[in-house]
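Colleague: Structure here, sequence nowhere to be found:
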């Protein structure tokens, strides 16, 4: 793995009062962000939907106070929906990391349009340095590379005591056992349906719905 490269968006940090942003307004902002139209299946580049992204971020921000004024890391940030959404909700410092430079380029454009300041890193999720208050992530689900989701969870535990993560509901029993063995606690699990657009050839419909769990994991 080569050395990670880091770029910083130029717009000033957004100063909008976070409490004035409703979940619906956040969904609308997340829906404005561009996603990859030619995603890499081997990297499982399934974008988090605006609705699920807003649900996870409001769970983190308004139910548990883990976003506003906090240092937030988005692992496998893709085109930036969770990282930028955290900025819209008042995160103090945000880092987004993804191995795909095309996704990071789109994320940088998305952040610029919404005037959110994010420190973007092109590189593997294991290459991030420093500690954070909160990790948010929509990791690979492990359908193409077995236990890719586990690798992301292991890295997230290195960076923060509080982790919010999205996983396929079918893996709940396995993941809960894994989290328990690592001495972490599952404080909350919220089951939701996530709509995915037609992105790959094997998708037969314009939209596909999958059942996912939103986790809050603490030390």
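Modeller: Cool, got the structure. This one's a predicted model, so the numbers in the text were calculated from it and none came from an experiment. Numbering: from 1, shown residues only.

Colleague: Could you list the residues in contact with the one helix or strand residue 174 maps to?
Modeller: With elements taken from DSSP states H and E, the one containing residue 174 is helix 172-181. If you take Cβ atoms under 8 Å, 6 or more residues apart in numbering as the criterion, helix 172-181 is touched by 149, 150, 153, 167, 185, 186, 189, 213, 215, 217. No exception for glycine: its C-beta is placed from N, CA and C like everyone else's.

Colleague: same thing but 6 Å
Modeller: Outside helix 172-181, the residues that touch it by Cβ atoms under 6 Å, 6 or more residues apart in numbering are 167, 186, 213, 217.

Colleague: worst-scoring helix or strand of the protein, pLDDT-wise?
Modeller: The helix or strand of the chain with the lowest confidence, counting by mean pLDDT, DSSP states H and E, is strand 5-8 at a mean of 50.

Colleague: Helix or strand next in line after that strand, which one?
Modeller: Sequence-wise, the next helix or strand downstream of strand 5-8 (DSSP H and E) is helix 23-31.

Colleague: any residues touching that next one, and which ones?
Modeller: Against helix 23-31 from outside (Cβ under 6 Å, 6+ apart): 50, 51, 53, 54, 58, 81, 85, 88.

Colleague: ok, how many other residues are close to the last one?
Modeller: Using other Cβ atoms under 10 Å, residue 88 is surrounded by 22 other residues.

Colleague: go on, the second one?
Modeller: Other residues within reach of residue 51, judged by other Cβ under 10 Å, total 18.

Colleague: Can you name the residues that contact it?
Modeller: residue 27.

Colleague: What are the phi and psi values at the residue nearest the centre of the chain?
Modeller: The centre of the chain sits closest to residue 137, judged by Cα atoms, centre = their mean, with a distance of 3.0 Å. Dihedral angles of residue 137 (phi, psi; degrees, to the nearest 10) stand at phi -160, psi 150.

Colleague: Residue 24 versus that one, what's the distance?
Modeller: Using Cβ to Cβ, to the nearest Å, residue 137 is found at 23 Å from residue 24.

Colleague: How about residue 208?
Modeller: Going from residue 208 to residue 24 by Cβ to Cβ gives 23 Å.

Colleague: Of those two, which one has the most company?
Modeller: More neighbours surround residue 208 than the other of residue 208 and residue 24, with 16 against 10 (other Cβ under 10 Å).

Colleague: What is the distance between the helix or strand that one falls within and the centre of its chain?
Modeller: Using DSSP H and E, residue 208 falls within strand 207-218. Put simply, strand 207-218 sits 12 Å off its chain's centre (Cα atoms, centre = their mean, to the nearest Å).

Colleague: ok, it: who's next to it in the sheet?
Modeller: When sheet partners are counted by DSSP bridges, strand 207-218 sits next to strand 162-168 (antiparallel), strand 185-197 (antiparallel).

Colleague: got the buried residues for it?
Modeller: Neighbour-count burial for strand 207-218 flags 208, 210, 212, 213, 214, 215, 216, 217 (criterion: 16 or more other Cβ atoms under 10 Å).

Colleague: repeat for stretch 148-165
Modeller: Neighbour counts over stretch 148-165 (16+ other Cβ under 10 Å) mark 148-153, 155-157, 159-160, 162-165 as buried.
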